[in-house]
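Undergrad: Starting from these lines, generate the structure:
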Amino acid sequence: MKKVLLALCALLALGAEAQAQQIGPAPTYCNKFFTINAAAATSILQIVAPVGNQTIYVCGLTLNAGAAAATFSLTAGTGANCNTSPLIMFPTVQLGINGVLDSRSPTIGSTSDPGDALCYTITGTGPLSAIVYYGQF
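TA: Model prediction:
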């Protein structure tokens with residue numbers, strides 16, 4: 001009887017389901033954010049400083065225009081205010097009066113080059129507030 005039970009246990013152990021393996025790299029999650037409350041247009045401004053050889057990953061943003069139209073864009077690059085080798089992280093988007101844009105994902109979207117800073121530009125006449133979700137590692 002003991003031999004039968006041992007044989008049955010061995011068969012049950014062999015029949016266990018295999019765990020699925022992930023295909024491709026593990027997802028990268030954004031764990032930081034910054035907010036902007038601009039009363040009017042701004043020239044290009046650095047909002048995330050470069051850190052060594054780390055890359056900046058943008059997962060999304062939420063934009064709110066005020067009483068006038070405004071545009072918003074994100075760039076990455078080196079030098080003063082990302083002016084050297086700029087890379088478009090989020091293309092220029094135009095918001096009408098009281099316009100809203102919410103574009104987010106928990107995992108990465110745009111990726112900077114290692115050692116880049118992250119900058120934004122606002123044009124137009126109206127106020128604009130923004131939340132930008134990102135990771136840097």
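Undergrad: Show me the longest strand that occurs in the protein.
TA: Determined from DSSP state E, the single longest strand within the chain is strand 84-95.
Undergrad: Buried residues of that one, list them for me.
TA: Neighbour counts over strand 84-95 (16 or more other Cβ atoms under 10 Å) mark Pro86, Leu87, Met89, Phe90, Leu95 as buried. All C-beta atoms are positioned from the backbone trio N, CA, C, and that covers glycine.
Undergrad: try stretch 102-118
TA: Ile108, Gly109, Ser110, Thr111, Ser112, Asp116, Ala117, Leu118.
Undergrad: Could you tell me how far that stretch lies from the centre of the chain?
TA: 4 Å (Cα atoms, centre = their mean, to the nearest Å).
Undergrad: Quick check: end-to-end length of it?
TA: 19 Å (Cα to Cα, to the nearest Å).
Undergrad: which outside residues touch it?
TA: Contact partners of stretch 102-118, identified using Cβ atoms under 8 Å, 6 or more residues apart in numbering, comprise 27-30, 46-50, 52-63, 74-78, 81-82, 85, 87, 89-90, 132-135.
Undergrad: hmm, 7 Å instead?
TA: If you take Cβ atoms under 7 Å, 6 or more residues apart in numbering as the criterion, stretch 102-118 is touched by 27-30, 46-50, 52-62, 74, 76-78, 82, 87, 89-90, 133-135.
Undergrad: Narrow those to just the buried residues.
TA: 30, 46-48, 50, 55-62, 74, 76-78, 82, 87, 89-90, 133-135.
Undergrad: In its sheet, which strands sit next to the host helix or strand of Tyr133, and in what direction?
TA: According to DSSP states H and E, Tyr133 maps onto strand 128-136. Applying DSSP bridges to the sheet, strand 128-136 is found paired with strand 32-38 (antiparallel), strand 56-65 (antiparallel).
Undergrad: tell me the angle of the last one relative to strand 84-95?
TA: Right, strand 56-65. Angle of strand 56-65 versus strand 84-95, following axes from the mean of the first three to the mean of the last three Cα atoms, to 10 degrees, is 30 degrees.
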